[in-house]
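K.L.:
Following is a predicted model, sequence given first.
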Amino acid sequence: MSGLGENFKPSVSILMLAKNKAPYIKLAASSVLESPRAELVLIEPGSRDNSGYVCSKLKKEYSSKIILVSKNDNSAAEGLNNGLREAKGNLVGVLNADDVYLPGALEHILSYFESHPEIDVLLTAGFLINEVTGKWKLMLPTKITRNTLGLSPHGSLTFFHQGMFYRKNRLDDVIFNEENKINWDKEFLIELWQKKARIGYLATPTAIFRLNHQSLTSIGFSSKSIDENQKYFDNLLNFNISVLVAPLFGKCLRLHKAMKLLVHVMRIHLKSFIMNTNERD
């Protein structure tokens with residue numbers, strides 16, 4: 001890989017938060033570097049474990065395909081912004097160091113954008129694996145509207161950040177809010193939507209989101225901070241709905257999501273059955 005030279009021009013840059021993720025970094029990095037057109041931006045602001053050593057070793061091995069950002073930051077969002085400023089690809093995605101892309105995913109994403117020049121943001125499907133409980137599920141992206149964004153506390157929104165990609169050259173003024181330490185990824189999506197970004201949806205799984213003891217999602221936040229965060233989002237969206245109506249409306253949207261997922265899974269199994277039948281013939 002290092003033979004690509006310093007003039008390597010990536011088509012997609014993947015921002016990877018690598019703080020205190022030493023056991024996972026190499027596998028996650030490999031899932032990015034398998035694409036000959038991908039650049040990996042490793043963000044390692046100083047870890048308690050040997051993540052810094054792992055990142056430095058990868059940088060030495062894949063010098064032309066890896067950018068190592070070692071600048072101190074006060075939040076994940078600030079780290080991502082530091083990475084954004086270094087990214088050279090026209091397309092950008094975000095992957096935590098304990099998550100992975102599925103084989104061929106990035107090339108599939110690049111092909112999608114090449115055949116859909118009108119699309120600014122792509123939301124794809126993926127798998128959520130809880131390594132604590134052993135449970136997993138398929139996550140299909142929800143169509144982004146004011147209602148699905150505003151009613152997200154009631155289960156209306158499925159947003160798979162590891163499966164989101166956007167054209168940086170069209171939306172280079174959109175950055176992560178460094179003060180938001182709970183839902184910076186959702187706020188980033190809201191800003192893209194408010195910028196009238198044209199959003200595409202893909203039911204193809206592209207990544208695996210791994211929940212483990214080190215995941216921010218599994219650590220949790222106080223109910224007070226979550227409520228304050230949601231009020232902040234409501235103001236951003238100018239969203240106001242009765243506390244009595246919201247749960248019912250949210251339930252309807254959840255049922256719609258469940259039906260969509262069921263149809264999708266049945267379609268996959270039907271195709272598989274047809275293929276197996278043809279093979280026996």
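P.N.:
Yes, it's here.
K.L.:
where in the stretch 1-150 of the chain is pLDDT low?
P.N.:
1-7 (pLDDT under 70).
K.L.:
quick one: the strands in it?
P.N.:
Under the criterion DSSP state E, counting those that start in this stretch, strands of the stretch 1-150 of the chain are mapped to 12-17, 38-43, 66-69, 91-96, 100-101, 121-130, 136-139.
K.L.:
Can you show me the CA trace of stretch 159-178 as PDB?
P.N.:
Extracted in PDB, the C-alpha atoms of stretch 159-178 (Å, rounded to 0.1, in the frame of the first residue of the first chain):
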ATOM      1  CA  PHE A 159     -29.900   6.400  12.100                       C
ATOM      2  CA  PHE A 160     -26.800   4.300  11.400                       C
ATOM      3  CA  HIS A 161     -23.900   6.700  11.600                       C
ATOM      4  CA  GLN A 162     -21.400   4.100  10.400                       C
ATOM      5  CA  GLY A 163     -23.500   3.800   7.300                       C
ATOM      6  CA  MET A 164     -23.600   7.500   6.400                       C
ATOM      7  CA  PHE A 165     -21.500   9.100   3.700                       C
ATOM      8  CA  TYR A 166     -21.700  12.600   2.300                       C
ATOM      9  CA  ARG A 167     -20.000  14.800  -0.400                       C
ATOM     10  CA  LYS A 168     -17.600  17.100   1.600                       C
ATOM     11  CA  ASN A 169     -17.000  19.300  -1.500                       C
ATOM     12  CA  ARG A 170     -20.700  20.300  -1.600                       C
ATOM     13  CA  LEU A 171     -21.200  20.600   2.200                       C
ATOM     14  CA  ASP A 172     -17.800  21.700   3.500                       C
ATOM     15  CA  ASP A 173     -19.400  24.300   5.800                       C
ATOM     16  CA  VAL A 174     -21.100  21.500   7.900                       C
ATOM     17  CA  ILE A 175     -19.100  20.500  10.900                       C
ATOM     18  CA  PHE A 176     -19.800  18.600  14.200                       C
ATOM     19  CA  ASN A 177     -21.000  20.600  17.200                       C
ATOM     20  CA  GLU A 178     -18.100  20.300  19.700                       C
END
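K.L.:
Would you mark the buried spots in that stretch?
P.N.:
In terms of neighbour count (16 or more other CB atoms under 10 Å), stretch 159-178 has its buried residues at 159-168, 171, 174, 176-178. Bear in mind the C-beta positions are built from the backbone N, C-alpha and C, glycine included.
K.L.:
Distance of residue 97 relative to residue 15?
P.N.:
Separation of residue 97 from residue 15 (CB to CB, to the nearest Å): 11 Å.
K.L.:
Actually, residue 168.
P.N.:
Residue 168 is 10 Å from residue 15, where distance means CB to CB.
K.L.:
joint contacts of those two?
P.N.:
Here residue 168 and residue 15 share the contacting residues 84, 87, 92, scored by CB atoms under 8 Å, 6 or more residues apart in numbering.
K.L.:
Residue 67: which of these is nearest?
P.N.:
Checking these against residue 67 with CB to CB, the nearest one is residue 87 at 7.5 Å.
K.L.:
pretty sure the closest one is touching residue 16, no?
P.N.:
No: counting by CB atoms under 8 Å, residue 87 stays clear of residue 16, with 11.2 Å between them.
K.L.:
which of the two has more neighbours?
P.N.:
residue 16 (27 against 21; other CB atoms under 10 Å).
K.L.:
who does that one bridge with?
P.N.:
Beta-bridge pairing for residue 16 (DSSP bridges): residue 42, residue 95.
K.L.:
Which residues are in contact with it?
P.N.:
Per CB under 8 Å, 6+ apart, neighbours of residue 16: 25, 28-29, 32, 40-43, 83, 94-97.
K.L.:
could you redo the last one with a cut-off of 6 Å?
P.N.:
The contact partners of residue 16, taken as CB atoms under 6 Å, 6 or more residues apart in numbering, are 42, 95, 97.
K.L.:
State the distance from the first one to residue 51.
P.N.:
Going back to what we said before, that points to residue 42. Distance, residue 42 to residue 51, using CB to CB: 9 Å.
K.L.:
Same question for the second one.
P.N.:
Taken as CB to CB, the spacing of residue 95 relative to residue 51 amounts to 15 Å.
K.L.:
before we move on, what about the last one?
P.N.:
Between residue 97 and residue 51 the computed distance is 8 Å (CB to CB).
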